[in-house]
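>>> No sequence on hand, only this structure:
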C-alpha cells in the first residue's frame, strides 16, 4: 500500500549543486530566507568536518528529509485551522470512545478545522471516518505492528509516514491549533505529556487542549486524580497548570471549549521581551486598566497596552488590522498566560 513517504530522488550532479549554491550565495544580504538556507548549508558542511559516524549522519539526513517532506505536504493548507487528535490504535469500533471520536471529528470539521491523526486504526480511524478524507491528515509511524494506514487516509497525498517519533511529534504540534486526547496507551500518554510540557513551559503557542472520554468512562478522571494527588500534592506542578487542559464527557463541551478559546484570541508573537497578543476584537480601556490588578504577575515591567501592530510584525500583512494587547512579559508562567487568554475571551 502506497503512503506519502520521503522518497530518494536522484542526486543532482556536481555542476547542478554548484549552480544552486552560487545562486544562493548571490542572494541579497537582507533576504532572510536565503540567510537561513546559507546557515543550513554551512551546518551541513560542518558535519563533514565533525568526523561523525555513519549512523549519526543517517539520523540527521533522515530527520531533515522527513521534516522537509511533511512541511511541503502541509504547506498548501496553512490557512486552515487544524486539530491534532490522539488516542489508542486498539480501540474497537463498538467502543463508546470510538463513536465519540468519530462524532467529535465530524463536528470540529463543521467548525472549519482539518483533523490530524496518526493515521492508523482505533481512535485514529474513527476520527478520520468522522472528518472525511478531504479534511484529514495522517501522520503515520513505521512500526512492525498496529500502524498501517486506515482505509480513509490510505493512498492520500496528505498521509505522511515517519521513521522517527521525534520528527512526527514535532509535526503534530507545529501544525495544530488545538489538541484533543482520547483514551490510549503509552503512545497517547507520550504525546499528551509532551503537549502539556510544551504548553506549561511556553515552548508552544497557546492552544486549547481537551481530554475526551465517553459518558460512563473514567479514564481521564483517574488520570486527573493521579495528577492532583501525586504531581500537584508533591508540588511537582502548580495549581495554575491545571488550567492548561479540560476534561469532558461531552462533544458539545469540547467543541465549545475550542470555539471559546478563539472567540477573541487570535495568536501571539514575541518581539524581544514584548509579547504582542493579537485579538479578533478589541476590549475597552476600562478592561485594559483592570488587567493590571489581576495579571500583574505576568509583567517584567510596565503595564498592559492596547495598540496596533509592532513594527516587527509588519511582515505579517494579513494580521495588520487586528488590535494588539502588548506587555513586557517575564515568561514565568504559560499557565497564567492561558488564564489571561480565558479572561479576555470571557469579556
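On my side now, so go ahead. For clarity, every value in this text was computed on a predicted model and none was experimentally measured.
>>> tell me the contacts of the nearest residue to residue 67 once chain neighbours are set aside?
Leaving out its chain neighbours, the residue that sits closest to residue 67 by C-beta to C-beta, 6 or more residues apart in numbering is residue 167, at 5.6 Å. Quick note: C-beta positions are derived from backbone N, CA and C, even for glycine. Taking C-beta atoms under 8 Å, 6 or more residues apart in numbering as the criterion, residue 167 is in contact with 63, 66, 67, 70.
>>> From those, which land in helices?
Judged by DSSP state H, helices contain the following of those: 63, 66, 67, 70.
>>> how about the residues you listed in a markdown table, adding pLDDT?
Formatted as a markdown table, those follow (pLDDT from 0 to 100):
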| residue | pLDDT |
| --- | --- |
| 63 | 96 |
| 66 | 97 |
| 67 | 97 |
| 70 | 97 |
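>>> among these, which ones are buried?
Buried subset of the ones in helices among the contacts of residue 167 (neighbour count, 16 or more other C-beta atoms under 10 Å): 63, 66, 67, 70.
>>> from what I can see the last one touches residue 159, true?
No. Under the criterion of C-beta atoms under 8 Å, residue 70 is not in contact with residue 159, lying 10.8 Å apart.
>>> sorry, back to before: give me phi/psi at the residue nearest to residue 67?
In terms of degrees, to the nearest 10, the main-chain angles of residue 167 are phi -70, psi -40.
>>> can you tell me which helix or strand residue 27 belongs to?
Under the criterion of DSSP states H and E, residue 27 resides outside all helices and strands.
>>> need the contact list for it.
Contacts of residue 27 (C-beta under 8 Å, 6+ apart): 34, 35, 38.
>>> Distance of it relative to residue 38?
Per C-beta to C-beta, to the nearest Å, residue 27 is found 8 Å from residue 38.
>>> ok, now how distant is residue 100 from residue 215?
9 Å.
>>> So between these two, which is more surrounded?
When residue 100 and residue 215 are compared for neighbours, residue 100 comes out ahead with 25 against 8, by other C-beta atoms under 10 Å.
>>> Can you give the domain ranges for this protein?
Here the domain parsing of the chain from automatic domain parsing is 82-261, 265-346.
>>> For residue 253, grab phi and psi.
Phi and psi for residue 253, reported as degrees, to the nearest 10, are phi -60, psi -40.
>>> Sorry, wrong one. I was asking about residue 219.
When read as degrees, to the nearest 10, the backbone of residue 219 gives phi -60, psi -60.
>>> give the contact list for it.
97, 183, 213.
>>> Can you flag the buried ones in the residues you listed?
Buried, going by 16+ other C-beta under 10 Å: 97, 183, 213, out of these.
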